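Chemist: just need the structure, nothing else, for what follows:
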Amino acid sequence: KSNTLLQACKQMESRNVHAEEDPRLMVAKRSVAVNQHHDAVTGTAKQHVTDDYYLGLHRGMEACHQLISDGLKDSSSACVINEWCPHLNISQCSFTETRNAFTTVVYNPVPREKKFYVRLPIVDDVEYTIKDSSDTDKSIAYQITPVPSTVEIVPGRDSNARFDLVFEAIVPGLETKSYLIEKGTKKYTAVKKFDLSKLGKFNGLGMTNKAIFMDVMNNWDGTYKTQIRHKDIKVDFGFYYYEPAVGDNSAWEKRASGAYIFRPNETAPVTPLGDPNHVETYSGPLFDELHCYYNDGWISHIMRTYHNSDEMNQVVEMEWLVGSIPIDDGGKEIVLRYTAKDIASGDVFYTDSNGRGLIERKRDYRETWELNVTESVSANYFPLNSRIGLKDDKNQMWVLTDRSEGGTSMESGQLEVMVHRRLLHDDAFGVGEALNESAYGKGLVVRGKHRVLLCNGDCAAESVAIAEDLFAEPVVQFGEPCYLEFLDNLLSEQQPDERAKINLPTTIKLLTMEKYEKSQILVRLENLATEGSPQNVNLADLFPGMTIASIESRTLDGNKAKAEVSRVEWDQTSQTDLRVPRYEVHSQIETNTILKIKDKDGKVVHRSGADFTVEIQPSSIVTYLVTIAA
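Modeler: Below you'll find the model as predicted:
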């Protein structure tokens, strides 16, 4: 989340292209850079060091929000958009809870129009009026649902909000859109609620957006089984825990499970945490939800399907909460299992490669050596940055994560993702502390999201797009109600002409847009497609209202022009193709206003003139330094 905010901050700062870089941006850059340390990424730091990482990230995010607020200022109005809420994931935002009217500004960091579901904590379930700055005569559809009771009691949560106000924000690429939100007095009644414990005798019920179903079945023992269904695919899921191995670390077979390694007790089978004993259903105009609570009170989850989203039609969103994990009977390693018995995947499954391509995994197998399996579970766990999936010749299932987690497939048709750990012993690999984190005097509580994608046929490409959406969240900021005069001014100042909307192809990801020097912007683009034809992108489309003077192809890190790169010649006698490329002026210049410089393979490395279209091969990243005319 902090990196997504940093990239949005860089994009906003690049609008002021002819000025020096704002020093607050460097605060944000450094805070994210420090957290690239391997101990920060993997969680293998001592607790006081981890606390310092948190503090640094918060300072960087605060600096970014201040910079974005300044970018949203309207010189003709006293209104400012300078509030942000870092605890929206636990439905806490003092600003939205304590005002009867306020302005919400949503920034889209993606280079194409996107639909976002903006979720704001509120105190009362009364009707609201939401106006879009681009069409003030039309009210925006919204939905109000209650905050789960397990979220209300999260340690450290300081909020009176009992409901979430959710509305659709459709925002053009790399632009902002403003919404005026006003509280009414009439009770909100657009959502139908059912508490299954009060329905009496029933066998089951289903909720659907016509593409995917969420089913609840009565177990007749005070618990309920929940299931996801898409055509002929049925997915059961549940929480389980592994008992961690405990030892004195004197030998490998006595190594304890800890911060560095996942090592479950192989003699103790994975333990199911049962089915929910309390289920509430909510059906509204934008989405349907199942709120599922478990006996012990430290696990709950929400299942959610959206009605009017093409991208999310075949997706169920799972918002889970785990913690504080009880440790009276020892540590626990909590996993969430998704089982689709209708998918005969065998021993093969797939994980992402650093959030990009896919790697085929095979249970109890390594491609380059013979694997001696001594620990059947941990030997088959792999890192997930964005997704894990399995398939057969007819169907596929993908689980998309909102953070880096570990995952595996221990049986055909089954996916397993680890969501939380709480351990009482150190593994003696360097931390010197047990992984027994706490906050506000309680064991750590974690809340996260998975999106489960089911399909008949091949939907690997769709899984990439949906996974990217989980990380490319909008930047949401707040201000006092500015009403129509301010909104009109904000619209005219912040949004380019309608004819110049940014709308790059869906497979093109904007990795970087940041100021390099005054009048120069560094742009990195990635083609997320893994096969097929290359994509052509006109870099001028990223800068509506600006004039590009020239572009220059750079190395991936952006530090050097490709024309200046000299590669080592390993074999000068037989490998003549590896000689240092020669760069020459293109021989087919049609006018004196266009200059192209190519390497010996015909790739353009510098260009000035009117055409700034670049070609991006599948699974490739390109970097360009763009000079903007004064």
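Chemist: rest of the way, CA atoms for contacts and neighbours
Modeler: OK.
Chemist: centroid-nearest residue for the protein?
Modeler: Centroid check for the chain by Cα atoms, centre = their mean gives residue 471 as the closest residue, at 2.0 Å.
Chemist: now it. Its backbone dihedrals?
Modeler: With angles defined as degrees, to the nearest 10, residue 471 sits at phi -100, psi -30.
Chemist: and the pLDDT for it?
Modeler: Listed pLDDT for residue 471 reads 87.
Chemist: going forward, begin numbering at 145 instead of 1
Modeler: Right, with 145 as the first residue, what we last looked at is residue 615.
Chemist: so it is in contact with residue 148, correct?
Modeler: Yes: under the criterion of Cα atoms under 8 Å, residue 615 makes contact with residue 148 at 6.9 Å.
Chemist: picking that back up, if I pick the residue nearest to the centre of the chain, what's in contact with it?
Modeler: If a contact means Cα atoms under 8 Å, 6 or more residues apart in numbering, then residue 615 has 145, 148, 546 as its contacts.
Chemist: go on, residue 552?
Modeler: Contact partners of residue 552, counting by Cα under 8 Å, 6+ apart, are 493, 524, 525, 526, 559, 560, 561.
Chemist: max pairwise distance over these: which two?
Modeler: Greatest spatial distance in the contacts of residue 552: 493 and 561, 12.9 Å, computed using Cα to Cα.
Chemist: burial count for residue 236?
Modeler: Other residues within reach of residue 236, judged by other Cα atoms under 10 Å, total 24.
Chemist: what helix or strand does it sit in?
Modeler: Counting by DSSP states H and E, there is no helix or strand that carries residue 236.
Chemist: what pLDDT is listed against the residue nearest to it when sequence neighbours are not counted?
Modeler: In space, and not counting its chain neighbours, residue 236 is closest to residue 303: 5.4 Å by Cα to Cα, 6 or more residues apart in numbering. For residue 303, the pLDDT comes out at 97.
Chemist: helix, strand or coil: sort out residue 303 for me.
Modeler: Assigned with DSSP: H, G, I helix; E, B strand; the rest coil, residue 303 falls in the coil class.
Chemist: helices of the chain, residue ranges please.
Modeler: For the chain, helices defined by DSSP state H occupy the ranges 146-158, 167-178, 182-186, 191-215, 238-241, 293-296, 604-615, 627-638.
Chemist: any idea which of the ones you listed gets closest to residue 310?
Modeler: helix 238-241 (12.4 Å).
Chemist: in terms of secondary structure, what does the closest one contact?
Modeler: strand 258-266 (3 or more Cα pairs under 8 Å, 6 or more residues apart in numbering; DSSP states H and E).
Chemist: tell me what the strand it packs on is packed against?
Modeler: helix 238-241, strand 307-315.
Chemist: now these in TSV, with mean pLDDT and mean neighbour count?
Modeler: Converted to TSV, those look like this (pLDDT from 0 to 100; neighbours: other Cα atoms under 10 Å):
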stretch	mean pLDDT	mean neighbour count
helix 238-241	98	19
strand 307-315	96	20
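Chemist: mind putting these into JSON lines with distance to residue 644?
Modeler: Formatted as JSON lines, the helices and strands packed on strand 258-266 follow (distance: least, Cα to Cα, whole Å):
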{"stretch": "helix 238-241", "distance to residue 644": "33"}
{"stretch": "strand 307-315", "distance to residue 644": "14"}
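Chemist: contact partners for residue 487?
Modeler: By Cα under 8 Å, 6+ apart, residue 487 lies in contact with 377, 535, 536, 538, 539, 540, 556, 557.
Chemist: distance of the third one relative to residue 602?
Modeler: I take that to be residue 536. Separation of residue 536 from residue 602 (Cα to Cα, to the nearest Å): 10 Å.
Chemist: remind me which residues of the stretch 145-294 of the chain are low pLDDT?
Modeler: Residue ranges of the stretch 145-294 of the chain with pLDDT under 70: 218-222.
Chemist: do the same with the chain
Modeler: The model of the chain has pLDDT under 70 over residues 218-222, 344, 627-643, 713-754.
Chemist: what about the strands in the stretch 295-444 of the chain?
Modeler: Counting by DSSP state E, counting those that start in this stretch, residue ranges of the strands within the stretch 295-444 of the chain are 307-315, 320-331, 336-339, 348-352, 357-362, 368-374, 377-386, 415-416, 422-427, 431-437, 443-450.
Chemist: now distance to residue 610 too, for these, in a markdown table please.
Modeler: Compiled in a markdown table, the strands of the stretch 295-444 of the chain are given as follows (distance: least, Cα to Cα, whole Å):
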| stretch | distance to residue 610 |
| --- | --- |
| strand 307-315 | 17 |
| strand 320-331 | 22 |
| strand 336-339 | 28 |
| strand 348-352 | 19 |
| strand 357-362 | 19 |
| strand 368-374 | 17 |
| strand 377-386 | 19 |
| strand 415-416 | 29 |
| strand 422-427 | 23 |
| strand 431-437 | 17 |
| strand 443-450 | 14 |
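Chemist: between the ones you listed, which one is nearest to residue 621?
Modeler: strand 320-331 (9.6 Å).
Chemist: list the helices and strands that closest one packs on?
Modeler: Counting by 3+ Cα pairs under 8 Å, 6+ apart, the packing neighbours recorded for strand 320-331 are strand 245-251, strand 270-276, helix 627-638.
Chemist: now with 10 Å?
Modeler: strand 245-251, strand 270-276, strand 279-283, strand 307-315, strand 619-623, helix 627-638 (3 or more Cα pairs under 10 Å, 6 or more residues apart in numbering; DSSP states H and E).
Chemist: convert it to PDB, retaining C-alpha atoms only.
Modeler: Taking Å, rounded to 0.1, in the frame of the first residue of the first chain, the C-alpha atoms of strand 320-331 are listed here in PDB:
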ATOM      1  CA  THR A 320      -8.900  12.900  -9.700                       C
ATOM      2  CA  LYS A 321     -12.600  13.000  -9.300                       C
ATOM      3  CA  SER A 322     -14.400  14.800  -6.500                       C
ATOM      4  CA  TYR A 323     -17.600  13.800  -4.600                       C
ATOM      5  CA  LEU A 324     -19.700  15.900  -2.300                       C
ATOM      6  CA  ILE A 325     -21.200  13.600   0.400                       C
ATOM      7  CA  GLU A 326     -24.100  14.800   2.600                       C
ATOM      8  CA  LYS A 327     -25.800  13.000   5.400                       C
ATOM      9  CA  GLY A 328     -29.600  12.800   5.600                       C
ATOM     10  CA  THR A 329     -32.000  12.000   8.400                       C
ATOM     11  CA  LYS A 330     -34.200   9.200   6.900                       C
ATOM     12  CA  LYS A 331     -33.300   5.700   7.900                       C
END
